[in-house]
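Undergrad: I'll drop the sequence and a predicted model, then ask my questions.
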Amino acid sequence: MELGLAGKVVLVTGASSSIGRATALAFAEEKALVAVGYHTNREAAEETVALAEQRGGHAIGWQLDLGDSDSLERSVGHARRELGPVDVLVNNAVHWPSWPDPGELFETAPPERFTSSVTANLVGPYLLARAVLGDMRGRGWGRIVNVSTGLVEDGFPGNVSYVAAKAGLHGLTRVMSRELAAEGILTNVVMPGFTPADRQMPAELIDKAGAAAATRRVTHPDDVARMIVFLCSEANTNTTGEAIRTDGHFLSPG
């Protein structure tokens with residue numbers, strides 16, 4: 001299948017590891033020009049850049065802070081100057097709130113945790129999308145994918161700040177789809193499952209999570225990256241406003 005991504009300028013946030021890195025590399029394999037977004041781990045981002053170059057694409061690193069609107073504007077401007085007008089945005093970066101206290105409920109969680117999570121996980125992607133829309137409208141073509149979580153549909157006790165912020169991405173995506181699709185800009189949500197890549201986790205936890213999926217395994221970053229690349233390609237001509245699970249039909253284990 002011809003994806004038509006050669007020469008397209010692609011911004012991927014949170015691309016220094018895991019799903020973001022796999023996505024950046026998958027775009028590189030299609031000969032795209034990839035901006036590898038990172039927050040603090042410059043060394044890991046540079047490794048992603050080097051791997052992307054080895055896969056046949058051209059890549060640069062770009063530093064950004066999802067909680068700082070000025071940082072987002074500067075980082076998009078840098079990517080645009082280095083690579084050109086933006087064709088594709090993948091909002092993959094995530095801000096993990098602090099781990100809840102035992103027995104914590106939504107009404108006992110610190111309000112500041114909720115506010116910071118919404119700022120980074122919802123407001124940040126919203127502002128990034130606004131920053132690249134001019135480029136996409138100028139070309140009459142664009143693709144935006146927001147990476148969320150199946151927990152938005154399933155719920156998960158003790159994680160109200162994260163789940164609520166990600167749920168907001170779904171509403172944002174659907175509104176953008178209704179407003180932008182006629183201009184050739186398609187927007188979708190992808191919901192990965194339990195993805196332990198790049199994290200040290202107990203084997204028993206990974207086994208339990210794998211057993212909770214219909215496929216009887218945990219999600220691999222490449223599972224998610226392949227779906228993202230398709231949705232952001234010219235092969236996707238009519239899918240927009242959708243929330244697509246790439247989790248092997250995962251149900252959060254109790």
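TA: Arrived safely, thanks for sending.
Undergrad: make it CA atoms for all contacts and neighbour counts henceforth
TA: OK.
Undergrad: which element follows the lowest-mean-pLDDT helix or strand in the chain toward the C-terminus?
TA: Least confident element among the helices and strands of the chain, by mean pLDDT, DSSP states H and E: helix 203-211 (a mean of 61). As assigned by DSSP states H and E, the chain's next helix or strand after helix 203-211 is helix 221-231.
Undergrad: Show me what that following helix is packed against.
TA: Identification of packing neighbours for helix 221-231 by 3 or more C-alpha pairs under 8 Å, 6 or more residues apart in numbering; DSSP states H and E yields helix 18-29, strand 142-147, strand 185-192, strand 243-246.
Undergrad: Can I get that helix in CSV, CA atoms only?
TA: The C-alpha trace of helix 221-231 is given here as CSV (Å, rounded to 0.1, in the frame of the first residue of the first chain):
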residue,chain,number,x,y,z
PRO,A,221,4.9,0.1,20.6
ASP,A,222,4.9,-1.1,17.0
ASP,A,223,1.3,-2.1,17.3
VAL,A,224,0.3,1.4,18.0
ALA,A,225,2.8,3.0,15.6
ARG,A,226,1.5,1.2,12.6
MET,A,227,-2.1,2.4,13.2
ILE,A,228,-0.9,6.0,13.7
VAL,A,229,1.1,6.0,10.5
PHE,A,230,-1.9,4.7,8.5
LEU,A,231,-4.2,7.3,10.0
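Undergrad: Could you give me the buried positions within it?
TA: Applying a neighbour-count criterion of 16 or more other C-alpha atoms under 10 Å, one finds 221, 222, 223, 224, 225, 227, 228, 229, 231 buried in helix 221-231.
Undergrad: how about JSON lines for those, with distance to residue 245 added?
TA: Listed next are the buried residues of helix 221-231 as JSON lines, based on distance: C-alpha to C-alpha, whole Å:
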{"residue": "221", "distance to residue 245": "13"}
{"residue": "222", "distance to residue 245": "14"}
{"residue": "223", "distance to residue 245": "11"}
{"residue": "224", "distance to residue 245": "9"}
{"residue": "225", "distance to residue 245": "12"}
{"residue": "227", "distance to residue 245": "10"}
{"residue": "228", "distance to residue 245": "11"}
{"residue": "229", "distance to residue 245": "14"}
{"residue": "231", "distance to residue 245": "13"}
